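what follows is a predicted structure for the sequence shown.
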2 protein chains.
Amino acid sequence: MKYHTLLIPTLKDAPAEAELVSHKLLVRAGFVRKLSAGIYSFLPLGWRTLRKVEAIIRAEMDAAGAQEVLLPLTHPAEIWQQSGRWYQYGAELLRFKDRKGGDFCLAPTHEEAITTLVRDNVRSYRELPMNLYQIQFKFRDEPRPRGGLLRCREFIMKDAYSFDADAAGARRSYQAMYAAYTRMFTRMGFRFRVVQADTGNIGGDLSHEFQALADTGEDSMLACTACDWAANVEKADVPKAPDATPPTPAEALAKVHTPNVRTVDEVAAFLKVDATRVVKTLLLNADGKPVAAMVRGDHDLNLVKLNKLVGAKELDLAEAAMVEAVTHAPVGFAGPVGLGDNVPVYVDQWVASMSDFVIGANVGDHHYVHAALGRDFRATAVADLRVATTADPCPSCGAALKEYRGIELGHIFYLSTKYSKPMQANFLDADGKTIPIEMGCYGIGVSRILPSIIEQSSDERGIIWPIAIAPFEVVVMGLQSDVPEVVAAADALYEGLKARGLDVLYDDRDERAGVKFADNDLIGVPFQVVVGKKGLAEGKIELKRRATGEKELVPVEQAVEHVIRLVQEEHARFRP
Amino acid sequence: MKYHTLLIPTLKDAPAEAELVSHKLLVRAGFVRKLSAGIYSFLPLGWRTLRKVEAIIRAEMDAAGAQEVLLPLTHPAEIWQQSGRWYQYGAELLRFKDRKGGDFCLAPTHEEAITTLVRDNVRSYRELPMNLYQIQFKFRDEPRPRGGLLRCREFIMKDAYSFDADAAGARRSYQAMYAAYTRMFTRMGFRFRVVQADTGNIGGDLSHEFQALADTGEDSMLACTACDWAANVEKADVPKAPDATPPTPAEALAKVHTPNVRTVDEVAAFLKVDATRVVKTLLLNADGKPVAAMVRGDHDLNLVKLNKLVGAKELDLAEAAMVEAVTHAPVGFAGPVGLGDNVPVYVDQWVASMSDFVIGANVGDHHYVHAALGRDFRATAVADLRVATTADPCPSCGAALKEYRGIELGHIFYLSTKYSKPMQANFLDADGKTIPIEMGCYGIGVSRILPSIIEQSSDERGIIWPIAIAPFEVVVMGLQSDVPEVVAAADALYEGLKARGLDVLYDDRDERAGVKFADNDLIGVPFQVVVGKKGLAEGKIELKRRATGEKELVPVEQAVEHVIRLVQEEHARFRP
């Protein structure tokens, strides 16, 4: 296509709110524009990239035997009430009323809609197994949309749902999707890692995430340095605490004056104890109600693990006003003693194994020393509540762990009968018995593929697209638009490459060479064919690889064949 | 693809609510399922057909130089307030609040979103002309969703928007879309007609509809029997009334007793006058307020023309309670005398040219005779308010008109600066002057293409798809799934046709021949290759054309070539 006919509004400056390089570059290179918080328009380049991502996903889903469908975006409350999630979801589920006052929502996911479809249209074991997928918008009213396309409110997902007659079949379906995802992300050019994951709002009892490795990623993962084990820290189990019944300390609980001493490190230094002898009491807001959680001073609270006990729609650190209302003290001195019966206290197992420790006193500038669980305060529940760390051994083999950061590309879940049972999606087996269908679900954040790859692949000049999902495979630039030979040679190369089936952008603009170089490096098409007066005088064009900056001079008459060979080789690099 | 792996839930019975054959067949053949009123899921066959429709649209839009983009579904109120439509739209615009209380809507159309994008990213005349399109969902909260996919609340549209530096350019862009639409609908296999159309909610001053001809269509069109003129009746002008200043009748207004006489025909018969001497007074509900409109007894009120004067968000016939509250009489006796100042009275120009006529008396069982406009009652406005009919002459050449019914497939509008002016979408011309961009917009109801073609193409056995948008080009059926030679021959034909690039369905189910014949006739794939024991014994397969039922026996070894030739010929029939 010709550059001058395309809407490619490149910018010198990124939007002020953009922190991630992918956010800056997608806007600067004219791929997307924000319409509202977490709501984006895809411009022609963004759309082309998205289509290539979708084509790879479709090819691998179809090859895995899945069938494409298209489910609605607006759902009647009824189906969400049948699954129970109408009541479990918080404000992320955008609810609205239609003109007749009926309750509806914008679909944040489609388990309910697909289960309804299959329940009403599948009868017999002979119709199973079945895997139905779609590429469709979702809407989740995120409290903090951010990162450009990385955390949107309106976004595109590929979601697939498998239906099997039994658990063994469901696991085969799960494995088939695991393999298909591995192929897709390989083809797209990702460096990624598959990790065990939490099942969150979706439910079920087996789940893996496909994580693009990136230091800027929101997710933290741990992986064993010796065996295959890897997990999202949200999910990673920690070892059992060493002592389930520690001795009660000889000394009684004692309040001490700790002026201006709030953080664990400050408390430890002031009282001259190790941070492992201090226990943090964190206050959380669970759908508007306060909840306390205690973890050792050197540990971090895992909100996902905590919420398995609390069961809140939304669980977050309490704001200062709630902390002060509950503790009757300034922030920084919260403790479990005297919190009142209406505040449940959840205690990490590693705290429960400690025998003599420091806690906040719920009084400004004071802490208690010689605290003991059971004697001085009670736990509503004791459980694994903390984040695993590289100080923990591998849960599988005991070797050391390493931490990675990542961006979630895909997530697969074995659901068993979590939806089919309440929604009565049953089938008749060979003996005529009615049995709930075994389900799995499999998501890919299609629109977030774009920023995810850029977080792995860019430089100071712009984006570096892997060839399979680049908006074009090659760009042809004529440097002097006022020199007829240059224009004629560039025209001929463009037409020649196009005729051979390549996806070619032709920068035919009447712009200075510097502008063309800068714009095309920003856009990130993998191969640049540069036609200039000087080179042409010697019968040559310049071929530049965007990723490495490598340049070579190629005789004009060999250029088409040479570019085709390079493009083919580049595609071959990403074949799974 | 293999039939047994696909979700194709064919049904014997159509849903009770389905009246149109397309609605019945799309459900019975397993193409779609309803999730809620006007909200549908596309199953694998529906999705395949939709994708073929989309591919034709994309090919013709791209060939016309348009660029594909993808705009959001959820819009902030702000952009709709800038255009003013936030206040003009009725309940069809589904408004909602996000978690922060911000006002949003589900996009019923995208003029605001695209104008925002272009305003913020286009600066100079050098970037024009430009045509941006998308294939995207819309949501319109229709008061009466009906006809299956024909009138949905959630539906898929192709919408394009052209941007030009001047009116001449905008008209060229309009003509290019006119030509592209003509090609698309020809390729899809439609019998269609292009007619002048009203601009409705979208605005502008030039507009055409592409109407699929169908007796069941919601739209009524008039076309000249002599010249090219054709228009939607909503839009069709009627001739000027013969006498703008009729004489005042000698007799005074007189109330007469007309017991149980309500309709125009009853009144005319009772009073022994022609229906053309009776004037109907219709009461309408305009956003909750009453409005009266008068047309001659043998004419029909055109709501679209009336609303150009009223300017209501929603205008509909008043319910009985409103009629009775306004006229203080039972329904059937409404008239303009004594309606009160708060009820505007709009009078059709043909009524204004009458001099002595009958009207309702706003008293049960009574009418007035010898009524005169001006003397007995006043008009808020006199205008062309009635529907054109075949009794009117062609507005262009005066010849006779003929009526057609149709289903709107596409609608194109020249918008001029209706959106660019209020939203300040300007560009700098060659002299550095700031000028609002000239716009056009161009819609196609993508999902309603499916029922529209079925209204033109079906029989008592099921759907007859034109080949370009059929879910498959050919279906191969093996009749005896327990006879190894039959299965082997059918397998080989399926693989052979697939290898040659045909889009083949293979009915490999273990079902009776009768079930296979019925299901495949219902689904409507254009060519059926039937492999049976009897034919095979003579080395032949049967080839059936779904449209005509024509059958021929073909030697097995020639079957693949023969089918390929027929498929190619069939495609060629629809080439524009």
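Thanks, I have the structure now.

so which residue is dead centre in chain A?
A:E408 (2.9 Å; C-alpha atoms, centre = their mean).

so it sits right up against A:G445, yeah?
Yes. The criterion here is C-beta atoms under 8 Å, and A:E408 meets it with A:G445 at 6.9 Å. Bear in mind the C-beta positions are built from the backbone N, C-alpha and C, glycine included.

hmm, A:K12 and A:K24 touching each other?
No. A:K24 is beyond contact range of A:K12, at 11.3 Å (criterion: C-beta under 8 Å).

in the stretch 351-500 of chain A, what residue lies closest to chain B?
A:S447 (9.3 Å; C-beta to the nearest C-beta).

please name the residues that touch that residue.
A:Y40, A:F42, A:L50, A:L149, A:C152, A:F155, A:I156 (C-beta atoms under 8 Å, 6 or more residues apart in numbering or on different chains).

counting neighbours, what do you get for the last one?
Read that as A:I156. 21 (other C-beta atoms under 10 Å in any protein chain shown).

and the longest strand for chain A?
strand A:401-416 (DSSP state E).

output the contacting helices and strands for the next helix or strand after that strand.
Proceeding N to C from strand A:401-416, the next assigned helix or strand is strand A:426-428, under DSSP states H and E. Packing partners of strand A:426-428 (3 or more C-beta pairs under 8 Å, 6 or more residues apart in numbering or on different chains; DSSP states H and E): strand A:434-436.

in its sheet, which strands sit next to the strand it packs on, and in what direction?
Using DSSP bridges, the strands paired with strand A:434-436 in its sheet are strand A:426-428 (antiparallel).

buried residues, the strand it pairs with. List them.
A:N426, A:F427 (16 or more other C-beta atoms under 10 Å in any protein chain shown).

who touches that strand?
A:119, A:122-125, A:127-128, A:165, A:420, A:434-437.

give me the number of residues near A:Q568?
12.

in what helix or strand does it lie?
Assigned by DSSP H and E, A:Q568 falls in helix A:559-573.

got a list of contacts for that helix?
So helix A:559-573 is contacted by A:467-468, A:473-474, A:493, A:496-497, A:500, A:502, A:526-527, A:529, A:541, A:543, A:554 (C-beta under 8 Å, 6+ apart).

the same query, at a cut-off of 6 Å, please.
A:I467, A:E473, A:V474, A:L493, A:G496, A:L497, A:R500, A:I541, A:V554 (C-beta atoms under 6 Å, 6 or more residues apart in numbering or on different chains).

A:W80 belongs to a helix?
Yes. A:W80: assigned to a helix according to DSSP: H, G, I helix; E, B strand; the rest coil.

can you give me the buried ones in the lengthiest helix in chain A?
Ranked by number of residues, the top helix in chain A under DSSP state H is helix A:167-188. Using 16+ other C-beta under 10 Å as the test for burial, helix A:167-188 gives A:169-170, A:173-174, A:176-177, A:180-188.

let me see the mean pLDDT of stretch A:484-498.
For stretch A:484-498, mean pLDDT is 97.

what about that stretch, distance to the chain center?
43 Å (C-alpha atoms, centre = their mean, to the nearest Å).

extract the C-alpha set from that stretch and format it as CSV.
Presented in CSV, the C-alpha positions along stretch A:484-498 are these (Å, rounded to 0.1, in the frame of the first residue of the first chain):
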residue,chain,number,x,y,z
PRO,A,484,12.5,10.6,-11.9
GLU,A,485,15.0,7.6,-12.0
VAL,A,486,14.6,7.2,-8.2
VAL,A,487,10.8,7.3,-8.4
ALA,A,488,10.8,4.9,-11.4
ALA,A,489,13.1,2.4,-9.6
ALA,A,490,11.1,2.6,-6.4
ASP,A,491,7.8,2.2,-8.2
ALA,A,492,9.2,-0.9,-10.0
LEU,A,493,10.5,-2.5,-6.9
TYR,A,494,7.2,-1.9,-5.1
GLU,A,495,5.2,-3.4,-7.9
GLY,A,496,7.6,-6.3,-8.3
LEU,A,497,7.5,-7.2,-4.6
LYS,A,498,3.7,-6.8,-4.5
